[in-house]
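Novice: Structure for the following, please:
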Amino acid sequence: MNGFRWIVLLFAFVTAMPAMAFSTDDERVDSYLSVLATATDETKEVMLNRLQWSGLSDPRFYDEVENRLLTSYLSQDGREFNLLAYHARALGYSGNPKYRDTLVKVHKEAVNGKLRRHAEKALRDLDKFAVWNEKIRKSGLVVEGKSVEVATYLRMLSVDDVFVQRLAARAIFHEKRRDDDLLASVAKSLKALYLKPGLDAAAQDTAAWFCKALGQSRSPDYLTLLGKVADETPYKKIKKYAQKY
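Specialist: From the prediction side, this is the model:
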(Lines give C-alpha, C1' and ligand atoms only; values in the text may rest on other atoms or scores of the structure.)
Protein backbone atom coordinates (compact mmCIF):
# COMPACT_ATOMS: atom_id res chain seq x y z
CA MET A 1 0.00 0.00 0.00
CA ASN A 2 1.51 3.35 -0.94
CA GLY A 3 2.06 6.08 1.62
CA PHE A 4 -0.66 8.39 0.39
CA ARG A 5 -3.31 5.67 0.47
CA TRP A 6 -2.25 4.70 4.00
CA ILE A 7 -2.68 8.32 5.13
CA VAL A 8 -6.16 8.37 3.58
CA LEU A 9 -7.10 5.17 5.37
CA LEU A 10 -5.81 6.45 8.68
CA PHE A 11 -7.91 9.58 8.23
CA ALA A 12 -10.92 7.39 7.47
CA PHE A 13 -10.09 5.32 10.52
CA VAL A 14 -10.28 8.36 12.79
CA THR A 15 -13.23 10.12 11.19
CA ALA A 16 -15.47 7.37 9.87
CA MET A 17 -14.74 4.49 12.22
CA PRO A 18 -14.20 5.80 15.74
CA ALA A 19 -13.38 3.25 18.44
CA MET A 20 -16.59 1.45 19.21
CA ALA A 21 -17.85 0.04 22.50
CA PHE A 22 -19.93 -3.10 22.12
CA SER A 23 -21.30 -5.12 25.02
CA THR A 24 -21.32 -8.45 23.18
CA ASP A 25 -19.74 -10.04 20.14
CA ASP A 26 -23.21 -10.34 18.60
CA GLU A 27 -23.52 -6.55 18.72
CA ARG A 28 -20.10 -6.24 17.14
CA VAL A 29 -20.97 -8.66 14.34
CA ASP A 30 -24.25 -6.84 13.69
CA SER A 31 -22.36 -3.56 13.38
CA TYR A 32 -19.72 -5.01 11.06
CA LEU A 33 -22.39 -6.56 8.83
CA SER A 34 -24.06 -3.16 8.65
CA VAL A 35 -20.76 -1.60 7.57
CA LEU A 36 -20.41 -4.19 4.80
CA ALA A 37 -23.94 -3.47 3.62
CA THR A 38 -24.05 0.32 3.75
CA ALA A 39 -20.68 2.03 4.29
CA THR A 40 -18.29 3.62 1.81
CA ASP A 41 -15.50 1.46 0.42
CA GLU A 42 -12.91 3.35 2.52
CA THR A 43 -14.82 2.65 5.73
CA LYS A 44 -15.21 -1.02 4.77
CA GLU A 45 -11.46 -1.28 4.19
CA VAL A 46 -10.71 0.20 7.60
CA MET A 47 -13.13 -2.16 9.33
CA LEU A 48 -11.81 -5.21 7.48
CA ASN A 49 -8.22 -4.24 8.29
CA ARG A 50 -9.13 -3.91 11.98
CA LEU A 51 -10.17 -7.55 12.09
CA GLN A 52 -6.55 -8.61 12.48
CA TRP A 53 -6.62 -7.53 16.12
CA SER A 54 -10.30 -8.22 16.82
CA GLY A 55 -9.97 -11.82 18.00
CA LEU A 56 -13.21 -12.35 16.11
CA SER A 57 -13.82 -15.66 14.31
CA ASP A 58 -17.64 -15.75 14.10
CA PRO A 59 -18.75 -17.39 10.81
CA ARG A 60 -21.92 -15.27 10.86
CA PHE A 61 -19.71 -12.38 9.81
CA TYR A 62 -16.99 -14.13 7.83
CA ASP A 63 -19.48 -16.12 5.74
CA GLU A 64 -20.76 -12.79 4.40
CA VAL A 65 -17.19 -11.66 3.69
CA GLU A 66 -16.60 -14.94 1.84
CA ASN A 67 -19.82 -14.58 -0.14
CA ARG A 68 -18.92 -11.07 -1.28
CA LEU A 69 -15.45 -12.22 -2.31
CA LEU A 70 -16.76 -15.20 -4.29
CA THR A 71 -19.38 -13.05 -6.00
CA SER A 72 -16.86 -10.55 -7.37
CA TYR A 73 -13.35 -12.04 -7.52
CA LEU A 74 -13.65 -12.74 -11.28
CA SER A 75 -14.91 -9.23 -12.00
CA GLN A 76 -13.15 -7.17 -14.64
CA ASP A 77 -13.94 -3.93 -12.79
CA GLY A 78 -10.61 -2.57 -11.57
CA ARG A 79 -12.31 -0.36 -8.99
CA GLU A 80 -13.29 -3.42 -6.96
CA PHE A 81 -9.96 -5.13 -6.54
CA ASN A 82 -8.56 -3.12 -3.64
CA LEU A 83 -11.66 -3.72 -1.51
CA LEU A 84 -11.72 -7.38 -2.50
CA ALA A 85 -8.11 -7.71 -1.35
CA TYR A 86 -9.24 -6.59 2.12
CA HIS A 87 -12.01 -9.21 2.01
CA ALA A 88 -9.44 -11.90 1.24
CA ARG A 89 -7.13 -10.79 4.06
CA ALA A 90 -10.08 -10.73 6.46
CA LEU A 91 -10.74 -14.41 5.81
CA GLY A 92 -7.16 -15.09 6.87
CA TYR A 93 -7.69 -13.17 10.11
CA SER A 94 -10.65 -15.43 10.94
CA GLY A 95 -8.30 -18.35 11.54
CA ASN A 96 -11.10 -20.62 10.34
CA PRO A 97 -9.97 -23.44 7.98
CA LYS A 98 -13.41 -23.53 6.33
CA TYR A 99 -12.29 -20.56 4.23
CA ARG A 100 -9.12 -22.21 2.92
CA ASP A 101 -10.72 -23.57 -0.27
CA THR A 102 -12.12 -20.14 -1.12
CA LEU A 103 -8.73 -18.48 -0.65
CA VAL A 104 -7.04 -21.16 -2.77
CA LYS A 105 -9.63 -20.58 -5.51
CA VAL A 106 -9.12 -16.81 -5.45
CA HIS A 107 -5.34 -17.21 -5.40
CA LYS A 108 -5.46 -19.45 -8.48
CA GLU A 109 -8.30 -17.92 -10.48
CA ALA A 110 -8.59 -14.17 -9.76
CA VAL A 111 -7.88 -12.05 -12.82
CA ASN A 112 -6.18 -9.36 -10.76
CA GLY A 113 -2.62 -9.96 -9.60
CA LYS A 114 -2.96 -7.90 -6.42
CA LEU A 115 -5.98 -9.90 -5.36
CA ARG A 116 -4.15 -13.16 -6.01
CA ARG A 117 -1.21 -11.97 -3.89
CA HIS A 118 -3.44 -10.97 -0.99
CA ALA A 119 -5.26 -14.30 -1.14
CA GLU A 120 -1.86 -15.98 -0.87
CA LYS A 121 -0.99 -13.83 2.16
CA ALA A 122 -4.36 -14.68 3.71
CA LEU A 123 -3.60 -18.39 3.32
CA ARG A 124 -0.40 -17.86 5.31
CA ASP A 125 -2.30 -15.84 7.91
CA LEU A 126 -4.98 -18.49 8.31
CA ASP A 127 -2.88 -20.94 10.31
CA LYS A 128 -1.26 -18.23 12.43
CA PHE A 129 -4.56 -16.65 13.37
CA ALA A 130 -6.08 -20.04 14.13
CA VAL A 131 -3.43 -20.43 16.84
CA TRP A 132 -3.62 -16.83 18.05
CA ASN A 133 -7.41 -16.65 18.22
CA GLU A 134 -7.48 -19.91 20.16
CA LYS A 135 -4.93 -18.56 22.64
CA ILE A 136 -7.08 -15.46 23.16
CA ARG A 137 -10.17 -17.61 23.67
CA LYS A 138 -8.36 -19.76 26.25
CA SER A 139 -6.59 -16.91 28.04
CA GLY A 140 -8.59 -17.50 31.23
CA LEU A 141 -8.56 -13.81 32.09
CA VAL A 142 -11.93 -12.74 33.48
CA VAL A 143 -12.81 -9.17 32.48
CA GLU A 144 -15.89 -7.44 33.82
CA GLY A 145 -17.36 -4.03 33.15
CA LYS A 146 -15.47 -3.44 29.89
CA SER A 147 -16.49 -3.29 26.25
CA VAL A 148 -15.89 -6.38 24.14
CA GLU A 149 -12.96 -4.67 22.44
CA VAL A 150 -11.19 -3.63 25.63
CA ALA A 151 -11.80 -7.05 27.18
CA THR A 152 -10.33 -8.69 24.07
CA TYR A 153 -7.20 -6.52 24.17
CA LEU A 154 -6.72 -7.27 27.86
CA ARG A 155 -6.90 -10.99 27.11
CA MET A 156 -4.42 -10.56 24.27
CA LEU A 157 -1.97 -8.87 26.59
CA SER A 158 -2.35 -11.72 29.09
CA VAL A 159 -1.34 -14.32 26.50
CA ASP A 160 2.30 -15.44 26.63
CA ASP A 161 2.91 -14.78 22.95
CA VAL A 162 4.55 -11.61 21.67
CA PHE A 163 2.71 -11.80 18.35
CA VAL A 164 -0.68 -11.77 20.09
CA GLN A 165 0.47 -9.00 22.43
CA ARG A 166 1.64 -6.96 19.44
CA LEU A 167 -1.83 -7.15 17.90
CA ALA A 168 -3.27 -5.68 21.09
CA ALA A 169 -0.68 -2.89 21.16
CA ARG A 170 -1.40 -2.02 17.53
CA ALA A 171 -5.11 -1.88 18.27
CA ILE A 172 -4.59 0.40 21.27
CA PHE A 173 -2.35 2.72 19.28
CA HIS A 174 -4.47 2.99 16.14
CA GLU A 175 -7.78 3.21 18.02
CA LYS A 176 -6.33 5.63 20.59
CA ARG A 177 -7.59 3.54 23.48
CA ARG A 178 -7.05 5.19 26.86
CA ASP A 179 -8.78 2.82 29.25
CA ASP A 180 -6.81 2.92 32.52
CA ASP A 181 -6.67 -0.84 33.01
CA LEU A 182 -5.65 -1.41 29.41
CA LEU A 183 -2.79 1.07 29.58
CA ALA A 184 -1.67 -0.35 32.92
CA SER A 185 -1.52 -3.80 31.35
CA VAL A 186 0.57 -2.47 28.47
CA ALA A 187 2.93 -0.78 30.93
CA LYS A 188 3.30 -4.01 32.88
CA SER A 189 4.10 -5.91 29.69
CA LEU A 190 6.64 -3.31 28.60
CA LYS A 191 8.39 -3.40 31.98
CA ALA A 192 8.69 -7.18 31.66
CA LEU A 193 10.33 -6.94 28.23
CA TYR A 194 12.53 -3.90 27.76
CA LEU A 195 15.50 -5.11 29.87
CA LYS A 196 15.08 -8.82 29.19
CA PRO A 197 18.28 -10.27 27.69
CA GLY A 198 18.28 -11.95 24.30
CA LEU A 199 15.07 -10.51 22.89
CA ASP A 200 14.51 -11.59 19.30
CA ALA A 201 13.26 -9.23 16.58
CA ALA A 202 9.60 -10.10 17.17
CA ALA A 203 9.79 -9.36 20.89
CA GLN A 204 11.64 -6.08 20.26
CA ASP A 205 8.98 -5.06 17.75
CA THR A 206 6.26 -5.85 20.27
CA ALA A 207 7.98 -3.73 22.91
CA ALA A 208 8.23 -0.89 20.38
CA TRP A 209 4.47 -1.12 19.83
CA PHE A 210 3.97 -1.03 23.61
CA CYS A 211 5.86 2.27 23.59
CA LYS A 212 3.60 3.62 20.85
CA ALA A 213 0.46 2.43 22.66
CA LEU A 214 1.48 4.18 25.88
CA GLY A 215 2.75 7.30 24.13
CA GLN A 216 -0.54 8.01 22.37
CA SER A 217 -2.23 8.27 25.78
CA ARG A 218 -0.16 11.41 26.61
CA SER A 219 -0.33 10.39 30.27
CA PRO A 220 2.51 11.97 32.29
CA ASP A 221 3.05 8.72 34.20
CA TYR A 222 3.59 6.75 31.01
CA LEU A 223 5.73 9.44 29.43
CA THR A 224 7.98 9.13 32.49
CA LEU A 225 8.10 5.36 31.99
CA LEU A 226 9.00 5.79 28.33
CA GLY A 227 11.87 8.08 29.32
CA LYS A 228 13.14 5.41 31.69
CA VAL A 229 12.85 2.75 28.99
CA ALA A 230 14.73 4.94 26.50
CA ASP A 231 17.55 5.46 29.01
CA GLU A 232 17.89 1.84 30.11
CA THR A 233 16.98 -0.56 27.31
CA PRO A 234 19.90 -2.12 25.42
CA TYR A 235 17.80 -2.49 22.26
CA LYS A 236 18.01 0.22 19.59
CA LYS A 237 14.50 -0.33 18.25
CA ILE A 238 12.86 -0.12 21.67
CA LYS A 239 14.94 2.94 22.54
CA LYS A 240 13.94 4.62 19.26
CA TYR A 241 10.20 4.33 19.89
CA ALA A 242 10.43 5.07 23.59
CA GLN A 243 12.19 8.34 22.71
CA LYS A 244 9.78 9.13 19.89
CA TYR A 245 6.60 8.67 21.90
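
Novice: The chain: helices as residue ranges?
Specialist: Ranges of helices in the chain, per DSSP state H, are 3-16, 25-38, 41-50, 59-72, 81-94, 100-109, 113-137, 148-158, 162-175, 180-193, 201-215, 220-232, 236-244.

Novice: can you put the ones you listed in a markdown table and add mean neighbour count?
Specialist: Every residue, glycine included, has its C-beta placed from N, CA and C. A markdown table is the format used below for the helices of the chain (neighbours: other Cβ atoms under 10 Å):
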| stretch | mean neighbour count |
| --- | --- |
| helix 3-16 | 13 |
| helix 25-38 | 15 |
| helix 41-50 | 21 |
| helix 59-72 | 17 |
| helix 81-94 | 24 |
| helix 100-109 | 16 |
| helix 113-137 | 18 |
| helix 148-158 | 23 |
| helix 162-175 | 23 |
| helix 180-193 | 18 |
| helix 201-215 | 22 |
| helix 220-232 | 15 |
| helix 236-244 | 17 |
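
Novice: Turn those helices into JSON lines, including mean pLDDT.
Specialist: Output for the helices of the chain, formatted as JSON lines (pLDDT from 0 to 100):
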{"stretch": "helix 3-16", "mean pLDDT": "43"}
{"stretch": "helix 25-38", "mean pLDDT": "95"}
{"stretch": "helix 41-50", "mean pLDDT": "95"}
{"stretch": "helix 59-72", "mean pLDDT": "97"}
{"stretch": "helix 81-94", "mean pLDDT": "96"}
{"stretch": "helix 100-109", "mean pLDDT": "97"}
{"stretch": "helix 113-137", "mean pLDDT": "96"}
{"stretch": "helix 148-158", "mean pLDDT": "96"}
{"stretch": "helix 162-175", "mean pLDDT": "97"}
{"stretch": "helix 180-193", "mean pLDDT": "98"}
{"stretch": "helix 201-215", "mean pLDDT": "98"}
{"stretch": "helix 220-232", "mean pLDDT": "96"}
{"stretch": "helix 236-244", "mean pLDDT": "97"}
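
Novice: Leaving out sequence neighbours, find the closest residue to residue 28.
Specialist: Take residue 28 and drop its neighbours on the chain: the residue closest to it by Cβ to Cβ, 6 or more residues apart in numbering is residue 22, 4.3 Å away.

Novice: and that neighbour, how many residues sit next to it?
Specialist: Residue 22 has 15 neighbouring residues, counting by other Cβ atoms under 10 Å.

Novice: just checking, it touches residue 32?
Specialist: No. Contact criterion Cβ atoms under 8 Å: residue 22 and residue 32 do not qualify, at 9.8 Å.
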